[in-house]
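Engineer: Just a sequence and a predicted model for now, questions to come.
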Amino acid sequence: MGFPGTWMTESESVVYRVVPKCACSTIGQIMFYSDHGTFFDGDIHDSTEGLHKWAQEGSQPLIEANVLAHKSYAFTCVRNPYTRILSSFFDKICGIQRNGRRYRGNLVPLLIQKYGIEVGDPENGFDFDQVKSFRRFLLFARDTIRWRRPMDPDIHWSAMSGHVATFIANGGRYDKIFWTEQFNDGMQQVLDAIETPQPVALSDIPRFNESEGHGPKRAHPVEDYFDDLSMHLMYEIYNRDFDLFRYDFDNPANKMPVGEIDLDEVHAKLGD
């Protein structure tokens with residue numbers, strides 16, 4: 001199994017478990033910069049050198065040896081499940097991807113046919129009923145996660161706790177899990193705890209939001225997308241995320257965490 005989704009600086013100053021839709025582009029670029037003093041030219045997910053990634057075969061033995069010996073500070077970043085699933089919908093389902101095509105080829109036509117979802121398109125200014133379509137997408141997301149039908153769940157909407165858990169289950173241990181909503185505070189704590197070859201001034205780092213501009217803008221407040229049934233589905237899919245990472249399930253309008261993350265609890269509950 002190893003450590004899928006794990007990135008490490010070439011200097012081995014820090015190890016990061018990627019959680020999709022949780023500031024991973026910005027974090028990856030900070031890691032790259034902290035070694036090289038420059039940002040990767042392009043989407044950091046496309047880099048094949050300058051940063052160790054589990055997906056790169058040559059990086060695997062280095063990452064595995066580091067993580068199992070806990071040689072470096074290890075961290076990850078999480079996000080409110082309500083805003084994360086909305087972001088996945090607008091970026092991956094409604095948006096046009098970097099290659100100029102729809103995400104995963106036949107996925108959107110499948111959703112239109114089987115779930116009656118509308119996604120709009122750039123020609124009509126992405127004009128469609130966002131609330132109705134999102135709620136239908138949420139039903140699809142639940143079906144993929146619960147029954148792996150009509151396809152396996154996608155990494156962008158599978159539960160954060162699932163991503164976080166593989167690192168623990170295979171022998172890793174986190175030193176820090178912080179919230180996207182308090183990104184500067186959390187990332188600064190990581191930088192304060194490690195030594196980087198290049199100094200990083202967090203206030204000077206731009207935000208690398210690679211999904212921005214691909215699709216429609218969210219037209220309503222977060223809470224408007226979630227009725228009673230939608231919240232029931234959210235709890236069915238993401239109850240562990242709400243509980244472990246201390247987000248407010250009862251109020252979709254509150255994107256901020258409501259308590260501190262207990263690292264020992266996370267390791268105990270996700271390590272089995």
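Structural biologist: Sure thing, it's come through. Residues are numbered from 1 along each chain as shown.
Engineer: When you work out contacts or count neighbours from here on, use the C-alpha atoms and nothing else.
Structural biologist: OK.
Engineer: Where does pLDDT dip in this structure?
Structural biologist: Filtered on pLDDT under 70, the chain yields the residue ranges 210-214.
Engineer: can I see the domain layout of it?
Structural biologist: Domains of the chain are assigned by automatic domain parsing as 6-80+156-204, 82-154+216-238.
Engineer: Looking at these, which one is packed in the most?
Structural biologist: When the domains of the chain are scored by mean count of other C-alpha atoms under 10 Å, the highest mean neighbour count falls to domain 6-80+156-204 (a mean of 19).
Engineer: start to end distance for that one?
Structural biologist: 25 Å (C-alpha to C-alpha, to the nearest Å).
Engineer: need the strands for the stretch 101-250 of the chain, in chain order.
Structural biologist: Using DSSP state E, counting those that start in this stretch, the strands of the stretch 101-250 of the chain run over 176-179.
Engineer: Tell me where it has helices.
Structural biologist: Secondary structure of the stretch 101-250 of the chain (DSSP state H, counting those that start in this stretch): helices located at 107-115, 130-147, 160-169, 183-193, 228-244.
Engineer: Looking at the chain, which strand is longest?
Structural biologist: strand 73-78 (DSSP state E).
Engineer: could you dump that strand to CSV, C-alpha only?
Structural biologist: The C-alpha trace of strand 73-78 is given here as CSV (Å, rounded to 0.1, in the frame of the first residue of the first chain):
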residue,chain,number,x,y,z
TYR,A,73,7.8,16.7,10.5
ALA,A,74,4.6,15.4,8.9
PHE,A,75,1.4,17.3,8.3
THR,A,76,-1.8,17.7,6.4
CYS,A,77,-4.5,20.2,5.9
VAL,A,78,-8.3,19.8,6.0
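Engineer: next helix or strand past that strand?
Structural biologist: Per DSSP states H and E, the first helix or strand lying C-terminal to strand 73-78 is helix 81-88.
Engineer: For that following helix, what is the distance to the chain centroid?
Structural biologist: Centroid displacement of helix 81-88 relative to its chain, using C-alpha atoms, centre = their mean, to the nearest Å, is 9 Å.
Engineer: Alpha carbons of that helix, in CSV - could you do that?
Structural biologist: Taking Å, rounded to 0.1, in the frame of the first residue of the first chain, the C-alpha atoms of helix 81-88 are listed here in CSV:
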residue,chain,number,x,y,z
PRO,A,81,-16.9,19.4,4.2
TYR,A,82,-19.7,21.7,3.1
THR,A,83,-17.4,24.1,1.2
ARG,A,84,-15.1,21.3,0.0
ILE,A,85,-17.9,19.4,-1.7
LEU,A,86,-19.3,22.6,-3.3
SER,A,87,-15.8,23.4,-4.6
SER,A,88,-15.5,19.9,-6.1
